[in-house]
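Visitor: missing the sequence, but the structure's below:
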DNA sequence: CTGGATGCAAACTCTTTGCATGCAT
DNA sequence: ATGCATGCAAAGAGTTTGCATCCAG
């Protein structure tokens, strides 16, 4: 896609939310849409150096956060800052609260056979399939209602 | 479950793999099976202080790693050390290579309606459902074959 | 002009590593 | 007796915060 079109798109979204349009945001946005689909903050920083020699990691993080809020990118789901271990070892799935960071079990049967098969068709040796539902847990929903 | 039974179970598994049985391993194992199902390393450390005043965080991490290898616990899936961002924002899912850490897209339609519904029945406000397949990617599988 | 965005440095959290001691085998 | 497991300290990676400067509006 043309850089001008991408810039116009982002400009529209930013203005719509009363956010400023800066060269860093435009260039990082272009790189995100042009480069490899999956990137870390460091990788994006590296790719931006040619066009933004002085860009800093905090700016990249701030911009990625903003883009996620704007719906321009997504964070590939993780468990949050600290690793969580689970003493249940059977195949089951998780609920993760975006408010309090808590983790709970999802009590539901999910048919994952098709998923593992699809992965195998792509040449991937599937060993495990995990489903994570992100949202707001009952306790946090109650708190915000009051 | 009785602590003696738990200890016997772990002892059997450890001996089966030629691993040593230590008090730290026994106690941490008991706590994992008794305490809250989802824990971080720090939380487990805190809970073990009463019985193991001098236990250290590196030991907790080493023990958790070992237990995961033994299949005694599972790590709740994350994206690995560095956060990964994705420039695709439609609902789609991921393949994660346990060998190289790479992330790819899963090209498959998954029916997630039932899952979100089940979460809602538990009082959870579901905003997003992610499916992650862990395994070995084609490139790494090829390398290990040679 | 004015306040939000940036760059720099430093702090912070989580996790891993190095090495001497101790204990399970 | 042997060597793996432990504890301590320190290093390391990734991310966030504080603050002065700068620039988009």
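Guide: Yep, that arrived. What you see is a predicted model, and the numbers here were worked out from it, not measured in a lab. Residues are numbered from 1 along each chain as shown, chains lettered A, B, ... in the order given.

Visitor: so who does the closest residue to residue A:61 other than its chain neighbours touch?
Guide: Leaving aside its chain neighbours, residue A:61 sits nearest to residue A:41 (5.6 Å; criterion: C-beta to C-beta, 6 or more residues apart in numbering or on different chains). Glycine gets a C-beta too; all of them are placed from N, C-alpha and C. Going by C-beta atoms under 8 Å, 6 or more residues apart in numbering or on different chains, residue A:41 touches A:57, A:60, A:61, A:64, B:82, B:83, B:85.

Visitor: likewise residue A:119?
Guide: So residue A:119 contacts A:126, B:95, B:106, B:108, B:133, B:135 (C-beta under 8 Å, 6+ apart).

Visitor: Among those, which one sits closest to DNA strand D?
Guide: residue B:95 (19.4 Å; C-beta to the nearest atom of the strand).

Visitor: Helix or strand: which one has that closest one?
Guide: strand B:93-97 (DSSP states H and E).

Visitor: ok now the longest strand seen in chain A, how far from the chain's centre?
Guide: Criterion DSSP state E: the longest strand present in chain A is strand A:125-136. How far strand A:125-136 lies from its chain's middle: 14 Å, per C-alpha atoms, centre = their mean, to the nearest Å.

Visitor: Tell me which other helices or strands that strand touches.
Guide: In terms of contacts (3 or more C-beta pairs under 8 Å, 6 or more residues apart in numbering or on different chains; DSSP states H and E), strand A:125-136 is packed against strand A:93-97, helix A:113-121, helix B:113-121, strand B:125-136.

Visitor: Figure out which of those is closest to DNA strand C.
Guide: Across those, closest to DNA strand C is strand A:93-97 (C-beta to the nearest atom of the strand), at 15.0 Å.

Visitor: Any idea what residue A:97 is bridged to?
Guide: residue A:135 (DSSP bridges).

Visitor: Out of the helices and strands packed on strand A:125-136, which one sits most buried?
Guide: strand A:93-97 (a mean of 23; mean count of other C-beta atoms under 10 Å in any protein chain shown).

Visitor: List only buried entries from the contacts of residue A:41.
Guide: With neighbours counted by 16 or more other C-beta atoms under 10 Å in any protein chain shown, these contain buried members at A:60, A:64, B:83, B:85.

Visitor: Where does the first one sit: helix, strand or coil?
Guide: So that's residue A:60. Three-state assignment for residue A:60 (DSSP: H, G, I helix; E, B strand; the rest coil): helix.

Visitor: Might you report the residue contacts of it?
Guide: By C-beta under 8 Å, 6+ apart, the neighbours of residue A:60 are A:28, A:41, A:44, A:45, A:48.

Visitor: In helices, which of those residues appear?
Guide: Members of these lying in helices (criterion: DSSP state H): A:28, A:41, A:44, A:45, A:48.
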